[in-house]
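**Q** just coords:
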């Protein structure tokens with residue numbers, strides 16, 4: 001149940017209202033943005049809510065169960081703070097959203113209607129539609145450890161313990177030639193074995209993609225020259241001369257953890273848990289499926 005401030009309640013009871021919707025969106029990088037469907041800028045709690053974005057929203061849906069209630073917000077790509085490149089770059093993904101009902105004549109009279117997060121974003125040439133999910137979507141996320149054969153730690157985090165700034169696991173390179181939209185040859189990585197950076201990360205340091213991070217899908221070598229393939233094509237084209245920093249990757253297998261990193265003591269998987277093949281085993285006369293300890 002919403003706790004409506006007395007001044008706003010009195011305004012609602014007056015019969016003639018001056019209400020507007022305001023959205024405050026806080027991205028994962030900490031930047032906060034404000035938008036409103038009113039025709040003039042509004043400001044409160046240190047946030048400027050601009051009207052130029054043309055942001056409009058569907059009705060609010062709320063259920064009594066724990067299903068994820070969603071609301072759509074549609075807007076034109078007119079605001080200089082909402083760009084197609086940033087949407088494609090994932091900068092708005094999972095951003096925190098606050099939806100306020102505000103008396104635009106007196107912004108101090110307002111009530112928070114919903115908190116949520118931005119989910120799927122559908123875009124066109126001149127507009128976008130963002131799904132705003134309710135906080136119940138957090139209940140669908142995995143909490144705690146996963147019992148699986150592969151490691152559930154991220155390479156280089158506190159649970160893994162590997163120092164990715166070690167020169168053995170970190171390299172710098174420069175693009176020589178662009179092969180496809182997400183594949184290129186690179187110099188500076190001749191001292192690393194083939195596949196060393198597979199499943200690793202690449203940070204662009206110069207060029208149009210500077211400051212962006214990409215995941216590495218494959219690392220090959222041809223005549224001593226590294227050939228890198230990214231998981232996804234960057235938003236901006238890769239160009240010859242672009243510099244980057246690349247870090248080793250891990251396929252989460254216990255064999256890789258021991259052979260490549262010598263880090264079995266910190267392996268966070270459960271490789272000896274019986275799998276589905278054990279469940280489907282059957283008895284046979286030759287003794288291969290006798291039910292004895294594996």
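**A** Okay, I see it. None of these values were measured; they are calculated from a predicted model.
**Q** Wait, a strand at residue 8?
**A** No: Residue 8 is assigned helix when assessed by DSSP: H, G, I helix; E, B strand; the rest coil, not a strand.
**Q** Burial check on the closest residue to it other than its chain neighbours, number of neighbours?
**A** In space, and not counting its chain neighbours, residue 8 is closest to residue 109: 4.1 Å by Cβ to Cβ, 6 or more residues apart in numbering. Bear in mind the C-beta positions are built from the backbone N, C-alpha and C, glycine included. Counted by other Cβ atoms under 10 Å, the residues lying close to residue 109 total 21.
**Q** Next, give phi and psi for residue 109.
**A** phi -90, psi 100 (degrees, to the nearest 10).
**Q** Make sure it is actually in contact with residue 7.
**A** Yes: look at residue 109 against residue 7 with Cβ atoms under 8 Å: they come within range, at 4.9 Å.
**Q** Poorly predicted segments of the stretch 101-250 of the chain, please.
**A** Filtered on pLDDT under 70, the stretch 101-250 of the chain yields the residue ranges 120-142.
**Q** hmm, 80 instead?
**A** Within the stretch 101-250 of the chain, the segments meeting pLDDT under 80 span 116-146.
**Q** Strands of that one, residue ranges please.
**A** Along the stretch 101-250 of the chain, counting by DSSP state E, counting those that start in this stretch, strands occupy 110-123, 127-134, 170-178, 183-187, 201-204, 213-222, 225-230, 243-247.
**Q** so which of these gets nearest residue 253?
**A** The closest of the strands of the stretch 101-250 of the chain to residue 253 is strand 213-222. By Cβ to Cβ, the value is 16.6 Å.
**Q** and that closest one, which residues are buried?
**A** Applying a neighbour-count criterion of 16 or more other Cβ atoms under 10 Å, one finds 214, 216-217, 219, 221 buried in strand 213-222.
**Q** quick one: which of those is nearest residue 49?
**A** Taking Cβ to Cβ as the measure, residue 49 lies nearest residue 214 of the buried residues of strand 213-222, at 33.8 Å.
**Q** who are the neighbours in contact with that closest one?
**A** Residues near residue 214 by Cβ atoms under 8 Å, 6 or more residues apart in numbering: 201-202, 204, 230-232, 234.
**Q** In those residues, which residue is surrounded by the most others?
**A** Greatest neighbour count in those, by other Cβ under 10 Å, goes to residue 202: 24 neighbours.
**Q** residues making contact with stretch 156-169?
**A** 151, 153-155, 170, 247-248, 261, 263, 266, 268.
**Q** which of those sit farthest apart?
**A** Farthest apart among the contacts of stretch 156-169 by Cβ to Cβ are 170 and 268. That separation is 21.9 Å.
**Q** Quick check: residue 176 touching residue 225?
**A** Yes: using Cβ under 8 Å, residue 176 is in contact with residue 225, at 6.9 Å.
**Q** where do the contact lists of these two overlap?
**A** Taking Cβ under 8 Å, 6+ apart as the contact rule, residue 176 and residue 225 both touch 185-187.
**Q** need the helices for this protein, in chain order.
**A** 6-13, 84-88, 254-259, 276-279 (DSSP state H).
**Q** Pick the most deeply packed of those.
**A** Most buried of those, by mean neighbour count (mean count of other Cβ atoms under 10 Å): helix 254-259, with a mean of 16.
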